[in-house]
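In: Generate a structure from the sequence data that follows.
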Amino acid sequence: MPTHRVGTQEEWQAAREELLGREKELTRMNDELAELRRELPWVPVEKEYEFATADGTKSLAELFDGRSQLLIYHFMFGPSYEAGCTVCSSIADTLNPQVVHLKARDVTLICSSRAPLDKLLAYRERMGWSFDWVSTAGSDFHRDLGFASTEEELKPFLEGEIPPTVKQMAKRSGTDVAGYVSEGPGLSAYALSDGTVYRTYVSTARGLEPAMAYYGLLDRTPMGRHEEGDPDLWLRRHDEYGKT
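Out: Okay, the predicted model is just below:
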């Protein structure tokens, strides 16, 4: 017998209709939040950044690739990493097939990381992705957005009790804990108007969940995410499932 509450079809239907009302409330609230995001003031990006790309060094404006909007996923792949962050890799799996659809709506989507370009491109080939990936090595781009920290800034965290999952994630990326947590994930959005680049939105942490499609699907399964109390992060790179 299942341990979960069991009911009749009529009981399920009544509970489902009540839940549907709440889901519709959330949908309307998400629509309102989307409108509020679009109403945020645009901030001119006055600092000049350089990015190493497969086609040579480019400016931020050149990353738009002829479009008026740009989305950048700040992928955790630091200089000391041997492989990209496992979670960021799962996000990239979701982002990669969206590139062509976003282009149709005047949006360029790319990833950026602080590791050298050759490491990024080699890892991209391993993972089978095709999105443009740029290196910000030698640039303050990630740091200026709050997605890169110094070891001194991280000292309170590093001197405390390190969560087991952080140690695991660092090991999977081929770096130590300090090197791993010096990077942060994020999403930033930009507009290009009359030759000026404007920053329009920045998000991190759970704000990135829309790009983690598997969580939205797991939330609709009987067991949900089922991560509570698990000392080992279940997530793997897509070519690592089934490996010991």
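
In: Check which element follows the helix or strand harbouring residue 29 along the chain.
Out: Following DSSP states H and E, one finds residue 29 within helix 9-38. For helix 9-38, the following helix or strand on the C-terminal side (DSSP H and E) is strand 43-44.

In: What are the contacting residues of that next one?
Out: The contact list for strand 43-44, computed with C-beta atoms under 8 Å, 6 or more residues apart in numbering, reads 196, 197, 198, 199, 200. C-beta coordinates here come from the backbone N, C-alpha and C atoms, glycine included.

In: Okay, now the sheet partners of that strand, with direction.
Out: Next to strand 43-44 in the sheet, as set by DSSP bridges, lie strand 196-203 (antiparallel).

In: Go through the strand it pairs with and flag the buried ones.
Out: 197, 199, 200, 202, 203 (16 or more other C-beta atoms under 10 Å).

In: Please apply the same query to stretch 35-49.
Out: 45, 49.

In: Can you get me the start-to-end distance on that stretch?
Out: For stretch 35-49, the first-to-last residue distance is 29 Å (C-alpha to C-alpha, to the nearest Å).

In: thinking again about what came up before, max pairwise distance over the buried residues of strand 196-203: which two?
Out: 197 and 203 (18.3 Å; C-beta to C-beta).

In: on that earlier part again, okay, the angle between the helix holding residue 29 and strand 196-203?
Out: 150 degrees (axes from the mean of the first three to the mean of the last three C-alpha atoms, to 10 degrees).

In: Do me a favour and average the pLDDT over helix 9-38.
Out: If you average the pLDDT over helix 9-38, you get 97.

In: How far away from the center of its chain is it?
Out: Mean-position distance between helix 9-38 and its chain equals 25 Å (C-alpha atoms, centre = their mean, to the nearest Å).

In: now swap in stretch 60-74 and tell me
Out: For stretch 60-74, the distance to the chain centre is 16 Å (C-alpha atoms, centre = their mean).

In: just stretch 174-191 next, same as before
Out: Worked out by C-alpha atoms, centre = their mean, stretch 174-191 lies 9 Å from the chain centre.

In: List the buried residues in that stretch.
Out: In stretch 174-191, counting by 16+ other C-beta under 10 Å, buried: 175, 177-190.

In: Report the rounded mean pLDDT for that stretch.
Out: On average, the pLDDT along stretch 174-191 is 98.

In: tell me how far the ends of that stretch are from each other?
Out: Stretch 174-191 stretches 36 Å from its first residue to its last (C-alpha to C-alpha).
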